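Visitor: How does the following fold in three dimensions:
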Amino acid sequence: MKVDKSSLLLYAVTDRTWLKGRPLTEAVEEALQAGVTFLQLREKDLNYHSFFKLAKEIKTISDRYNIPLVINDNVEIAMASEADGVHVGQKDMEAKEVRRIIGPDKILGVSVQTVEQAVEAEQNGADYLGVGAVFSTSTKLDADLVSYVTLQEICNTVSIPVVAIGGINEDNAVQLTGTGIAGIAVVSAIFAQDDITAAVKKLRQVVSRVVSYES
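Guide: Numbers count the residues shown, from 1 in each chain. Okay, the predicted model is just below:
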């Protein structure tokens, strides 16, 4: 399965800490039903068995809605759970090595912050890029900010789709218009909301105006 540019329009990254005890599976199902187009399962603190079990449960849900599922950082879990791919950052396993392990058919996403990193990631087999943080974000306090100009330059330089991430919400997403992004990736703008369905529908409306598939 390779990534379709349009599937990156509204990219949700999970974070159980926002859910106030609500099961992640339930929140994910609501988000996908409401219009999320791509899903990343991010779990930094679970042991292998718990992470694997959760990944299998989430994969069952994502399959039901025909939404691509990638696993953050953990290539082993991604392969074992039969997820559609994996997403790695600059401090994780190198993209070239990840591609070698997962093979040619799985989705590989890579987080970048510079044009140089973007070009290297594409050369090493990335199918899409996550670029950020484009705004300050409470989910990653140590994240460096990427400017509008740099985001635009990355989009113009690589031939693979780019997703903006970091502090994006329904109010500021419009500021990304004209950059050339394929979509936005959000965490708290979905999973911290009391009404996930309403939040997703609003974000879909906003990002549909921001993204131009001619760019």
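Visitor: Hmm, residue 41 and residue 69 touching each other?
Guide: Yes - with contacts counted by Cβ atoms under 8 Å, residue 69 reaches residue 41, the gap being 6.5 Å. Every C-beta, even on glycine, is put in place using the N, C-alpha and C of the backbone.
Visitor: Who's the closest spatial neighbour of residue 70, skipping the chain neighbours?
Guide: Leaving aside its chain neighbours, residue 70 sits nearest to residue 85 (4.3 Å; criterion: Cβ to Cβ, 6 or more residues apart in numbering).
Visitor: which residues sit in contact with that neighbour?
Guide: Neighbouring residues of residue 85 by Cβ atoms under 8 Å, 6 or more residues apart in numbering: 1, 3, 68-71, 78, 102, 106-109, 127.
Visitor: Now the residue in the chain sticking out farthest from the centre: which helix or strand?
Guide: Taking Cα atoms, centre = their mean, the residue of the chain most remote from its mean C-alpha position is residue 49, at 23.3 Å. Assigned by DSSP states H and E, residue 49 belongs to helix 48-64.
Visitor: Whichever strand in the chain runs longest packs against which elements?
Guide: Taking DSSP state E as the criterion, the chain has its longest strand at strand 107-112. Here strand 107-112 touches strand 85-88, helix 95-102, helix 115-123, strand 128-131, going by 3 or more Cβ pairs under 8 Å, 6 or more residues apart in numbering; DSSP states H and E.
Visitor: okay, the ones you listed in CSV with distance to residue 21 and mean pLDDT next?
Guide: Compiled in CSV, those are given as follows (distance: least, Cβ to Cβ, whole Å; pLDDT from 0 to 100):
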stretch, distance to residue 21, mean pLDDT
strand 85-88, 26, 98
helix 95-102, 34, 98
helix 115-123, 37, 98
strand 128-131, 28, 98
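Visitor: so can I have TSV of these showing distance to residue 173?
Guide: As requested, the helices and strands packed on strand 107-112 are exported to TSV (distance: least, Cβ to Cβ, whole Å):
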stretch	distance to residue 173
strand 85-88	20
helix 95-102	27
helix 115-123	21
strand 128-131	14
